[in-house]
Structure formats: structure tokens, C-alpha cells
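Visitor: Mind looking at a prediction? Sequence and model below.
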Amino acid sequence: MSWTDERIETLRSLWEKGLTASQIADKLGNVSRNAVIGKAHRLGLKARPSPVKGDSDGTPRETAKKAAAPAAPKPKPEAAAQEASAPQPRPAPEAKVPPVPAAAAPKPAMPVRAAMPAAPVKPRAPGEKVTLLDLSDKICKWPIGHPGEPDFQFCGRPVNPGFPYCTAHCAEAYQAQLPRDRSRPSRAPMPPLPRVR
DNA sequence: CCCTGATTCGC
DNA sequence: GCGAATCAGG
């Protein structure tokens, strides 16, 4: 669909009434939220509180351009590995228990992408800690140290996509729960191990 | 995870 | 001009 005069008028009206871009989009039909926002801007409508507009510190908005990468397909992070029977992370980041050295255990197959950069997502001055306030979906939330202690912080490296931790800490957190195999004859057959993709 | 608006840039 | 993809934040 295209932007007919009627649709533009509707957009203007609803935008100024304060409806969100999504609401306008499905009221109009056949347009995405992005289309609405894009059009609104081109029409010169604007200035509605944006979560991002605080913008804040000296980070203007350049960011990494897409640049020329036509060959790059889009890896839709579709079905991430998260079934009901997924293995539980060992250290609950919110819990008091800090990461504990992992006993040597077979590592299940992990969906680890490419090697990740070793530095935190947001380069910090040496000595700067990754605090609670720095956490987001994109940075590794593996706790380092003990909560409450002065030097407690989080890992902060980029996450393994779809997980709360970086690849290294995913490897720590997600380890197959193999049968304990004490001498005791097993009382019941083990349920099938959860598949980890 | 859901959501918001803003911006970029290939088409 | 258009809007998907991305960003940055709640």
C-alpha cells in the first residue's frame, strides 16, 4: 500500500493524538511500525518522547554502519535453543552463590558462534567495573566476585546470542547433568538427557 | 522477553 | 520516498 492522502491524514491525526507508532500502524493496516515512524518523520511530524532520545553522554549516534555487505544473509535469530527441558544455569546470577569452578564435566554441544571479542561491549576505562546498571540483554551477566563486596562486578563481554552469558561463561553455565554414577545401583532409569542444541 | 521512537541506508 | 534493520533505552 502507498501513502494516499487519506492515509497521510490519518497518520497525522493519530500521531498528534499521541497514539504510538504501532497503534497507528495497525489502525492503518498494511504498514509496519517502522513505516509509520519513517513517514511521520518525513512529514515533519515529530518530537514524541523516545526512550532513546535522552541520548545522554557524548555518544552521538554514528554507530557501526552496515557498510557494504551485500553478501551477508540475515541470520534471523529464530528458534534459539530454549526448550522446556533446557539445562539450568549453574550459578543464578542473582543468587548469592558466585560462580563456582566447574568440575570437569563433558561440555554439551553449545551453539557457539564465532569467536567473540574478548573485550567488554562498552570499552571501559581500566578499573571500571561492570555494574548492575550496565547490564542489558547484550552483555554477559556472569557475576565476578561476591554481591555486596566492593569489587563485585559482572563479566560484561558480548553475550553468546540468545544467552545471558558470553560464550566462555555459557560453557561454564550449561553443562550436561550426567548421571552421578555412584556405586549405588540406580533406582530408576535415568530420563533421557535433555537435548542441548 | 515485551515495548518505545530514532536513525541509517539500500532500494 | 520508502521502510527493514538496527540502535538505544524502558
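Guide: All right, it came through fine.

Visitor: Next, residue A:3: phi, psi?
Guide: In terms of degrees, to the nearest 10, the main-chain angles of residue A:3 are phi -90, psi 90.

Visitor: With adjacent residues omitted, what lies nearest to it?
Guide: Leaving aside its chain neighbours, residue A:3 sits nearest to residue A:39 (6.2 Å; criterion: C-beta to C-beta, 6 or more residues apart in numbering). C-beta: built from backbone N, CA, C; applies to glycine.

Visitor: I'd assumed residue A:11 was in contact with the one you found.
Guide: Yes - using C-beta atoms under 8 Å, residue A:39 is in contact with residue A:11, at 6.1 Å.

Visitor: residues shared between the contacts of the two?
Guide: residue A:3 (C-beta atoms under 8 Å, 6 or more residues apart in numbering).

Visitor: Looking at these two, which is more packed in?
Guide: residue A:11 (24 against 20; other C-beta atoms under 10 Å).

Visitor: shaky segments in chain A?
Guide: Applying pLDDT under 70 to chain A flags the ranges A:51-127, A:181-197.

Visitor: How about the contacts made by residue A:40?
Guide: Here residue A:40 is in contact with A:11, A:15, A:21, A:46 (C-beta under 8 Å, 6+ apart).

Visitor: Where does it fall, secondary structure wise?
Guide: helix A:33-42 (DSSP states H and E).

Visitor: Work out the sheet partners of the following helix or strand past that helix and label each with its direction, please.
Guide: Per DSSP H and E, the first helix or strand lying C-terminal to helix A:33-42 is strand A:143-144. Strand A:143-144 has the following strand partners under DSSP bridges: strand A:153-154 (antiparallel).

Visitor: Contacts made by the strand it pairs with with the rest, please.
Guide: So strand A:153-154 is in contact with A:93, A:129-132, A:134-135, A:139-145, going by C-beta under 8 Å, 6+ apart.

Visitor: isn't residue A:18 right up against residue A:48?
Guide: Yes - assessed by C-beta under 8 Å, residue A:18 is found in contact with residue A:48 at 7.5 Å.

Visitor: Now the longest helix along chain A: buried residues?
Guide: If you go by DSSP state H, chain A has its longest helix at helix A:5-17. By 16 or more other C-beta atoms under 10 Å, the buried positions in helix A:5-17 come out as A:7, A:11-12, A:14-15.

Visitor: Turn those residues into CSV, columns for distance to residue A:168.
Guide: Converted to CSV, these look like this (distance: C-beta to C-beta, whole Å):
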residue, distance to residue A:168
A:7, 50
A:11, 48
A:12, 51
A:14, 48
A:15, 46
